[in-house]
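Participant: sequence and predicted structure, then a few things I'm wondering about:
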Amino acid sequence: MNDQSDISQEGIGPTVSRSSLSATIQALYPPLRSAEVDKLVAALAKAQGAFPEIERNRTVRVRPKSGGPEYEFKYATLSAIIDAIRKPLSENGLAYTQIISHDAETGFYVLTTTLYCGNQFLSSKTPIIVEGQTNQQFGSALTYMKRYTLAALLGIAAEEDDDANIADGNEIKGVVDKAPRITAPDPISSGLPQKPAALQMREAQQKVAQKAAIDNLEKTIGPVFSAELIKVPLLPDESGSDWMAWGQAFMRIARSAPDMASLVSLEKENEMPITNMRDQAPKMFTNMTLALIKVKKALEKTEIETEKGI
């Protein structure tokens, strides 16, 4: 009886409450989703329904290490995926980030891909496995993993099923990028006759000429104002959106606004990119906001002076 009492009093460590244990687990293993994801899932469902068919614009030739016959494998590049998903995500209030961190215990760099909808989020963490020590090899592995994790998180089939041959260590022998295809209206669904290839080419050349004319005009009289949605470009390594380039383009057009109403229209058309910039590049967003305030003050001053006949 005394032995049992001694054992119970000794124990094997301090008593831990259930609440403190839960807090410790949360700190060591943070959740990969918010407590509620209902709004996010509903928004993602709508975005998935709006995703266009993503063209697999790159072809690789694979040489099996077993010595079997070579075969071709097609997939969509990261830039092709981002171009296809950007508008449906924005229109449904969704944004994503892909952030790199380092795990000191494993030695691996880790890619965290997170999908946001307001305060709700859904996330995944994946180690970046690099074969080699150069920056180019790391960049290649990073782009590869970004493409896979983003497609998996959004439920996109961005490549053909190669039956895990590449995962088995087979050699990639060659890479060929497919030229962007020129799309034309579907004569069945649109009711319009399909345009001949020569006409499509002529129209494309006219658009290039129109852009060149606008560029020349801007050089002569300054930027030409247009309250339209400005497409967010990608960084050179396709690792994310180039918010600096987008902010510069936005401010260049904003400074050419003839009046306050025009500037408000420009902001309204670009409401979603502005929101995404705030979430993904807060420092650049702050700088752009300060510059935009100066533009607004200048327009307000001009309008007041005009009303007074100064």
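Facilitator: Received, thanks. Numbering: from 1, shown residues only.
Participant: who does Leu111 bridge with?
Facilitator: Ile100, Thr126 (DSSP bridges).
Participant: would you confirm that it contacts Lys125?
Facilitator: Yes - at 7.2 Å, Leu111 counts as touching Lys125 under the criterion of CB atoms under 8 Å. Any C-beta I mention is one placed from the backbone N, CA and C, and that applies to glycine too.
Participant: need the strands for this structure, in chain order.
Facilitator: With DSSP state E, the ranges of strands along the chain come out as 58-63, 71-75, 95-102, 109-117, 120-128, 171-177.
Participant: ok, back up a step: of Leu111 and Lys125, who's got more company?
Facilitator: Leu111 (21 against 15; other CB atoms under 10 Å).
Participant: OK, contacts around the more buried one?
Facilitator: Leu111 is in contact with 98-100, 125-128, 142, 145-146, 149, counting by CB atoms under 8 Å, 6 or more residues apart in numbering.
Participant: rewinding a little: now the strands of the chain in TSV, with distance to Met201 and mean pLDDT?
Facilitator: Listed next are these as TSV, based on distance: least, CB to CB, whole Å; pLDDT from 0 to 100:
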stretch	distance to Met201	mean pLDDT
strand 58-63	24	76
strand 71-75	25	77
strand 95-102	36	90
strand 109-117	39	89
strand 120-128	42	88
strand 171-177	20	54
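Participant: I'd like those strands as a markdown table, with distance to Pro233 appended.
Facilitator: Formatted as a markdown table, the strands of the chain follow (distance: least, CB to CB, whole Å):
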| stretch | distance to Pro233 |
| --- | --- |
| strand 58-63 | 20 |
| strand 71-75 | 22 |
| strand 95-102 | 16 |
| strand 109-117 | 20 |
| strand 120-128 | 24 |
| strand 171-177 | 19 |
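Participant: deepest-packed of these, please.
Facilitator: Each of the strands of the chain was assessed for mean neighbour count using mean count of other CB atoms under 10 Å. The highest is strand 109-117, with a mean of 19.
Participant: now do it against strand 120-128, angle only.
Facilitator: Here strand 109-117 runs at an angle of 160 degrees relative to strand 120-128 (axes from the mean of the first three to the mean of the last three CA atoms, to 10 degrees).
Participant: pLDDT weak spots in the stretch 201-310 of the chain?
Facilitator: Within the stretch 201-310 of the chain, the segments meeting pLDDT under 70 span 203-225, 237-239, 310.
Participant: what segments of the stretch 51-200 of the chain are helices?
Facilitator: 78-91, 135-154, 197-221 (DSSP state H, counting those that start in this stretch).
Participant: so what secondary structure elements neighbour the second one?
Facilitator: In this case it means helix 135-154. Contacts defined by 3 or more CB pairs under 8 Å, 6 or more residues apart in numbering; DSSP states H and E place helix 135-154 against helix 38-50, helix 78-91, strand 95-102, strand 109-117, strand 120-128.
Participant: quick one: contacts of the longest one?
Facilitator: If you take CB under 8 Å, 6+ apart as the criterion, helix 78-91 is touched by 46-48, 50-52, 54-55, 57, 76, 95-96, 143, 146-147, 150-151, 154, 156, 158, 232, 234, 238, 272-273, 276.
Participant: just the buried ones from those residues, in ChimeraX syntax?
Facilitator: Provided next is the ChimeraX selection string for whichever of the contacts of helix 78-91 are buried by 16 or more other CB atoms under 10 Å:
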select :47,51,54,55,57,76,95,96,143,146,147,150,151,154,156,158,232,234,238,272,273,276
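Participant: okay, now the closest residue to Met272 other than its chain neighbours: neighbour count?
Facilitator: In space, and not counting its chain neighbours, Met272 is closest to Ser90: 4.0 Å by CB to CB, 6 or more residues apart in numbering. When neighbours are defined as other CB under 10 Å, Ser90 has 18 of them.
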